[in-house]
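K.L.:
model the following, please.
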Amino acid sequence: MIPATKVSRFHRALPFAVSFLLVPLAFIGAFYGGWTVLLLPLITWYFFSILDAFMGLFLDNADLETREDQLSWYKAITLIWAPLQFGLLYWMIWYVTGPGNAHLSVLETIMLFFGVGVITGTVGINYSHELMHQKDKGERFLGDVLLAMVLYSHFRSEHLLVHHRYVGTPRDPVTARYNEGFHRFFPRVLRGCFLSAFKAEKAMLARRDKPWFDLKNPFFKYWALQGFMLVLAGLIGGWIGLALFLWQAFVAIWQLELVNYVEHYGLTRKHLGEGKYEHVKPQHSWNAAHKASNWLLINLQRHSDHHYKPDRRFPLLQNYTEADAPQLPFGYPVMTVAAMFPPIWRRMMNPRVRRWREMYYPEITDWRPYNKARNPLPR
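P.N.:
You can find the predicted model right below:
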């Protein structure tokens, strides 16, 4: 247990700011072109995988009695990122359609903005995830800004109103099913998340006797913010700038859904009958304690605790041992790459899912309804 007096120190928070080192890599790619346009995905995926291998696991937990005012350094990291990403994204659009157009080829520009999408997805959406869970309206707004930059604003509604409530059940589109490859999961979740988010907000308004088109529906705010981001990209970079904006947004969403796929693959909550399901427990999310990738992802890999206690800020998320939560063999950088190759993924993860079933639910003998999400929808 790390005492609160140590958790609050600057040097404890500093490693979680490692994502800021990705920003100069974007500038290097823009200025020099060539192979440097690949630096962002190479560093994000492969360098952090190597760091994980050398640095190993971090198993210590912060004292849960740590006060909010003792987490200021951690909070600052997520607050600074939103304006930083905004400036980076639109500066990149300006540069490649203006001064950089003279020395960057079409392929170099496309690959450079692939890397930008890796940043806005791996870091930006992840930070928005942290911010959307906070009570402070300013933090939630910054989370909305980050999501608008990748045209995925409805993720907030889906995540808070659907995913956390129905994870591991047939009503949650984000829970990847056993034997479902990522390339089948991705189009399913793109459609399912938008529809489930819209239905959830519509249902909330209906409970207050308001129609879906009432201005309190956050989708109007989502669309306004996204529209602003699109118009700004077009004003700065014209049609090319708009196309590059759309490209990075797609890459960012792809990165997010790769992570979503990994986080709950094959894990389901037990159906208790008549549409009732057991409560969410740490065992319903994959846990990973790899040090370097948890620095990059601000402890997102301690996902078992996040679902168990969603209101905890990232430095207070607890690590679980194999006795309490299923463990991933590698951090997210390796696991998301593996997910792109279904035969490799199934060979790696299906035996772990089967062991998880034997450990937690030996009484369940027919898993076919769970595999195909054919159990009754939760009430």
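
K.L.:
how many neighbours does His183 have?
P.N.:
11 (other C-beta atoms under 10 Å). (C-beta placed from N, C-alpha, C; glycine too.)

K.L.:
residues in contact with it?
P.N.:
His183 is in contact with Pro342, counting by C-beta atoms under 8 Å, 6 or more residues apart in numbering.

K.L.:
avg pLDDT for the helix or strand where it lies?
P.N.:
Element membership of His183, judged by DSSP states H and E, is helix 182-207. Mean pLDDT, computed over helix 182-207, is 96.

K.L.:
what is the helix or strand that that helix is followed by packed up against?
P.N.:
Where DSSP H and E defines the elements, the next helix or strand beyond helix 182-207 is helix 218-264. Other helices and strands packing on helix 218-264, by 3 or more C-beta pairs under 8 Å, 6 or more residues apart in numbering; DSSP states H and E, are helix 72-97, helix 106-119, helix 137-148, helix 155-157, helix 182-207, helix 332-339.

K.L.:
flag every buried residue along the last one.
P.N.:
To tie it back to what came earlier, the one meant is helix 332-339. 332-339 (16 or more other C-beta atoms under 10 Å).

K.L.:
tell me the two of the residues you listed that are most distant?
P.N.:
Pro333 and Ala339 (11.2 Å; C-beta to C-beta).

K.L.:
OK, contacts around Tyr127?
P.N.:
Going by C-beta under 8 Å, 6+ apart, the list of residues near Tyr127 reads 78, 81-82, 143, 146, 298.

K.L.:
what are the contacting residues of stretch 78-97?
P.N.:
19-20, 23, 26, 30, 104, 109, 112-113, 116, 119-120, 123-124, 127, 130-131, 139, 142-143, 145-146, 149, 232-233, 236-238, 240-241, 244-245, 248, 298.

K.L.:
same check on stretch 279-288?
P.N.:
164, 167-168, 262-265, 267-269, 294, 301-308, 319-320, 324-328, 330-332, 335, 356, 360.

K.L.:
any low-confidence regions in the stretch 151-300 of the chain?
P.N.:
Judged against pLDDT under 70, the stretch 151-300 of the chain has no low-scoring part.

K.L.:
Val118: how many residues sit nearby?
P.N.:
So Val118, with other C-beta under 10 Å, has 24 neighbours.

K.L.:
from Pro15, how far out is it?
P.N.:
20 Å (C-beta to C-beta, to the nearest Å).

K.L.:
okay, now Arg67: neighbour count?
P.N.:
Using other C-beta under 10 Å: Arg67 sits among 10 other residues.

K.L.:
confirm for me that it is in contact with Thr5.
P.N.:
No. Taking contacts as C-beta atoms under 8 Å, Arg67 lies outside contact range of Thr5: 10.7 Å.

K.L.:
in the helix holding His183, what's buried?
P.N.:
182, 185-186, 189, 192-194, 196-198, 200-202, 204-205.

K.L.:
now, the most widely separated pair of those residues?
P.N.:
Maximum distance among the buried residues of helix 182-207 (C-beta to C-beta): 33.8 Å, for Phe182 and Leu205.

K.L.:
if we ignore the residues flanking it in sequence, what's nearest Asp172?
P.N.:
Leaving aside its sequence neighbours, Asp172 sits nearest to Tyr166 (C-beta to C-beta, 6 or more residues apart in numbering; 4.2 Å).

K.L.:
ah, wrong one, I meant Ile43
P.N.:
That would be Leu25: by C-beta to C-beta, 6+ apart, it lies 6.2 Å from Ile43.

K.L.:
now Leu151
P.N.:
Here the residue nearest Leu151, using C-beta to C-beta, 6+ apart, is Ala249, at 4.6 Å.

K.L.:
Trp286 too?
P.N.:
Going by C-beta to C-beta, 6+ apart, Trp286 has Leu328 as its nearest residue, at 4.9 Å.

K.L.:
distance of that neighbour from Glu263?
P.N.:
9 Å.

K.L.:
same question for Lys199.
P.N.:
22 Å.

K.L.:
what does Pro170 give?
P.N.:
Distance from Pro170 to Glu263, by C-beta to C-beta: 17 Å.

K.L.:
tally of neighbours for the residue nearest to Asp172?
P.N.:
Neighbour tally, Tyr166, other C-beta under 10 Å: 21.

K.L.:
isn't it right up against Val174?
P.N.:
No. Look at Tyr166 against Val174 with C-beta under 8 Å: they stay out of range, at 9.1 Å.

K.L.:
Gln60 against Lys6, yeah?
P.N.:
You called it Gln, but residue 60 is Asp. No. Using C-beta under 8 Å, Asp60 makes no contact with Lys6, being 10.1 Å away.

K.L.:
those two: who's more crowded?
P.N.:
Comparing Asp60 with Lys6 by other C-beta under 10 Å, the one with more neighbours is Lys6, at 14 against 10.

K.L.:
Pro315 versus that one, what's the distance?
P.N.:
From Lys6 to Pro315 the distance is 11 Å (C-beta to C-beta).

K.L.:
so what's Arg12 up against?
P.N.:
Here Arg12 is in contact with 2, 6, 73, 315 (criterion: C-beta under 8 Å, 6+ apart).

K.L.:
follow-up on the earlier one: of the contacts of Tyr127 - the most surrounded one?
P.N.:
Neighbour-wise, these (other C-beta under 10 Å) top out at Leu146, 29 neighbours.

K.L.:
could I get the contacting residues of that one?
P.N.:
So Leu146 contacts 81-82, 85, 120, 124-125, 127-128, 131 (C-beta under 8 Å, 6+ apart).
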